[in-house]
Structures are given as structure tokens and as C-alpha cells.
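Student: Using only what follows, build the 3D model:
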Amino acid sequence: MKIYRLYRKQFLPISMEEAWAFFSNPANLAEITPPHMGFIIRSGADKAMYAGQLITYTVKPFPGVPLTWVTEITQVNEPHFFIDNQVFGPYSLWHHQHFFKAVEGGVEMEDIVHYKIPLGILGRIAHALFVKRQLKQIFDYRVKVLDERFPK
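Tutor: Numbering: from 1, shown residues only. Next up, the predicted model:
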């Protein structure tokens, strides 16, 4: 089974504290997720981020197809990084690393996602036909929304 990698780096003209406050709050995920995804947090986002935290969401990767997604925050090193892994959801593997680095004039944010698609060859075909493009669009949307929220 193939492991795919998605990488994004973005400069934001904010402090490390402001970056951490925004990105470590799961409630802000809805703001940076495309509206058509129907992203709703169901449970687990009522406390400050901590290792072992389970967060349950509903997402609609396709119109009218709601999926439950459960992630676990596995590592937290405030304000430098946190890592979440899918416990239950559409992927065979979802490992998302969020890094924050103070740079001149702001913060450099990196997202590194390693993921696997289930269903063997059918999953690889689905990845080529739409999954890869959909993930790119989701992360492109995040870049756009963050640039608007934190203008340079």
C-alpha cells in the first residue's frame, strides 16, 4: 500500500503565541475548511489541546455523504508543534504534523501529512482521480483563508 505525502509551508505575519492560540484550538478548523465539506465538531474540542485528546468530526467529502472522523492529538510541544493521527475515518493512515517557527516578521507554518488510501488498487485509482486533487484544494483553501485572516 502506497503512503502519500502532502506538504505546505506558509508565512503568517503573527506572533508564535497568536499562531499557537489559533491553530491549537480545534474549533478554528471549521473556519479553515471549505464550507462544502460540511465540517462539524461533534466532541472533544472543549479543552485546551493536550496529548491524548480525541476529537470527533463529521465531514462530507462528497455532497450528501457524511463521514465520521476521529483524530487523536498524539504529541504537543507548545508553541512549536503538534501532531494528530486519525483513529477512525476514511483513510488507512492519516498522520498530520503541524510545525510553527518564529521567523523575521512572523511565523513560518508547516503542514506535513502522510496518508494511505484503503482498497488497494481501487484506492490508488481514487487517489489519482479525485482524492489528491481534493486534498490539494482543501489545503489551498486554508492558505487563502489564512492570508485573508492574517494579512501581510
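
Student: Residue 49 - that's part of a helix, no?
Tutor: No. Per DSSP: H, G, I helix; E, B strand; the rest coil, residue 49 lies outside any helix segment and is coil.

Student: Tell me, how many residues neighbour it?
Tutor: 17 (other Cβ atoms under 10 Å). Placement of C-beta: from N, CA and C, glycine included.

Student: before we move on, what about residue 119?
Tutor: 12.

Student: Can you give me every residue that contacts the residue most central in space within the chain?
Tutor: For the chain, the residue nearest the mean C-alpha position is residue 96 (6.5 Å; Cα atoms, centre = their mean). By Cβ atoms under 8 Å, 6 or more residues apart in numbering, the residues touching residue 96 are 71, 83, 84, 85, 111, 112, 113.

Student: in the strand or helix carrying it, what's buried?
Tutor: Secondary structure from DSSP states H and E places residue 96 in strand 93-103. Neighbour counts over strand 93-103 (16 or more other Cβ atoms under 10 Å) mark 94, 95, 96, 97, 98, 99, 100 as buried.

Student: CA atoms only for it, dumped as PDB, please.
Tutor: Output in PDB follows, covering the C-alpha atoms of strand 93-103 (Å, rounded to 0.1, in the frame of the first residue of the first chain):
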ATOM      1  CA  LEU A  93      -3.400   6.200   7.700                       C
ATOM      2  CA  TRP A  94      -3.600  10.000   8.400                       C
ATOM      3  CA  HIS A  95      -0.600  11.500  10.300                       C
ATOM      4  CA  HIS A  96      -0.600  15.300  10.300                       C
ATOM      5  CA  GLN A  97       2.300  17.300  11.700                       C
ATOM      6  CA  HIS A  98       1.800  21.000  12.400                       C
ATOM      7  CA  PHE A  99       5.100  23.000  12.900                       C
ATOM      8  CA  PHE A 100       5.500  26.600  13.900                       C
ATOM      9  CA  LYS A 101       8.800  28.500  13.700                       C
ATOM     10  CA  ALA A 102       9.400  32.100  14.600                       C
ATOM     11  CA  VAL A 103      10.900  34.000  11.700                       C
END
